[in-house]
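Engineer: Fold the following and give me the result.
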Amino acid sequence: MKQEIREFRHKDGRLQRVQMVSLDGFDELKFFRPEPSSLSFERLYHLYHDYIIPKYSYVFGYLVLFHVPEDVKIPFDDYDEEHGTIFDPLSVVTLAFRKNIYVHKGEICFKDDTTREFYHLLEDRGTLYLLKGRRNGVSVLPVSERLGFLSESRKGSGFRVNCNFFVMDKLDCSTVYDHVGSPIGMMVKDGKVMSPALFKREALIVYKDGSVKVRQVNLDELRVVIDGKVYENGKNCLFCSRPEYTKTPEGGTDLVVCSDRIYAYKKRGNSPVPSGGFVVHVYDDIDIDDHELSYEGMENVKFAIQVGNSAIIDGKKTEGFISPFYNFLRPFTVAYTPTMYPLNYKKDRAPRIVIGSDNDDKPVILWFEGAGKFGYDPERDSAGASLMEVAEICEELNIRNAVNLDGGGSAQIIYEGKRYLKLSDRDPDDLTENERGIATGLYV
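Structural biologist: Just a heads-up that it's a prediction; the model follows:
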């Protein structure tokens, strides 16, 4: 394992620093979920308060940003006519808040005492914040327990980097099952699928024979195993995901899935389809005893990851979007994550993370340092890179195959215990770096 810091100049003369880490083989790379951190929730609040809501105030009315600690007892019923039986506690609270919190004469109000008391309990615990944009109304933004800091996890490892997209903003949360911090996109290690493929996005796939490919992967390439029974799309069930489905067909049995969990169970169909997950719509009327599930279909894969658009394929740089993405400037299309993905392939700059392989099919990871959200100095600081600029630099560095990982404020590499470049999330008062919580990472 080795690293180097390179400096480039974009065509407009702006500076771009890139950290490049080269590994001996994909066997070294392992997935992990960070240690949960209460500070990551506080940082998320400040990100919304200091940056997101001021920038996109026309999108927001009142926003209830909340997290439910594990030791708090949930006072709400886990059954609902529209959703069936909900197994996930955070989804239960989200549903109750959506149904029972409203705005009257500019004030937050509650339809029942149970909701009011639970709301104030979370507020007193410091796990609920109320924010305000320009619009009327109220929306609810739940934060999962999966968010934690890269710097606080796997501290003994020689290399760590953030990994998958995760649900991040209000527009990603179409259903009660969509929570900030829920990971999105396929992750495979030694044939085991840790998270499913979604939305026909491109993936970097390393086969067990050592070959590396970038190709689009969809959910119907997988089989889902529940209670010992194998479910295969189009045979004994239907996999319903966005943008094709917002609700499942009538009849049968629905199993709502996000990542590696069953969130809800409902008979007779018509279940809402999550933005960051899918529903196994079983044609028959079934019961389940076990809420665990697993996947089949990637047994010949050593390592795979599916996140953002490709950067380069077989040595040829990618020149436009291949992976499909929703964006909020098309308000009448079906929302699916990540809503806030940069809209202009050639112009929109941001911090980026790229994972790929060189001409010997060995792994290379790149961090394209981005401009700080506050205090950017164009003479000394990196500008961040557009997806086209990322592709061009990958070509210059002789990367053969590569895809973008989650960038933006999540982007960072920790090499031998040290961060060599700067985070883009900054404190608006003193410009100190504010690490953002992530949902998944890779480490050596």
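
Engineer: any idea how far Ile353 is from the nearest residue to Arg436 once chain neighbours are set aside?
Structural biologist: Nearest residue to Arg436, sequence neighbours excluded (CB to CB, 6 or more residues apart in numbering): Gly409, at 4.4 Å. C-beta coordinates here come from the backbone N, C-alpha and C atoms, glycine included. Shown here: Gly409 relative to Ile353, a distance of 11 Å by CB to CB, to the nearest Å.

Engineer: repeat for Ser151
Structural biologist: From Ser151 to Ile353 the distance is 15 Å (CB to CB).

Engineer: Have a look at these two and say which one is more surrounded.
Structural biologist: Legend: neighbour count by other CB atoms under 10 Å for Ser151 and Ile353, higher for Ile353 (26 against 15).

Engineer: The more buried one and Ile205, how far apart?
Structural biologist: Distance from Ile353 to Ile205, counting by CB to CB: 18 Å.

Engineer: Phe110 too?
Structural biologist: According to CB to CB, Phe110 and Ile205 sit 49 Å apart.

Engineer: I figured Cys394 was touching Ala402, is that so?
Structural biologist: Yes. Contact criterion CB atoms under 8 Å: Cys394 and Ala402 qualify, at 5.4 Å.

Engineer: Give me the common contacts of the two.
Structural biologist: Counting by CB atoms under 8 Å, 6 or more residues apart in numbering, the shared contacts of Cys394 and Ala402 are 311-312, 354, 356, 366.

Engineer: which of Phe110 and Ile205 has more neighbours?
Structural biologist: Between Phe110 and Ile205, counting by other CB under 10 Å, Ile205 is the more crowded of the two (23 against 16).

Engineer: and that one, what does it touch?
Structural biologist: Ile205 makes contacts with 188, 212-215, 217, 301, 303-304, as judged by CB under 8 Å, 6+ apart.

Engineer: how about the nearest residue to Gly297 once chain neighbours are set aside, phi and psi?
Structural biologist: In space, and not counting its chain neighbours, Gly297 is closest to Leu222: 4.3 Å by CB to CB, 6+ apart. Backbone torsions of Leu222, given as degrees, to the nearest 10, read phi -110, psi 160.

Engineer: Quick one: the helices in the stretch 51-200 of the chain, in order.
Structural biologist: 53-55, 89-100, 113-125 (DSSP state H, counting those that start in this stretch).

Engineer: Could you point out which of these sits nearest Gln16?
Structural biologist: Checking those against Gln16 by CB to CB gives helix 53-55 as the closest, at 23.1 Å.

Engineer: Look up which residues are beta-bridged to the residue most central in space within the chain.
Structural biologist: For the chain, the residue nearest the mean C-alpha position is Phe166 (1.0 Å; CA atoms, centre = their mean). Beta-bridge partners recorded for Phe166 (DSSP bridges): Pro183.

Engineer: and it, how far is that from Arg436?
Structural biologist: Separation of Phe166 from Arg436 (CB to CB): 11 Å.
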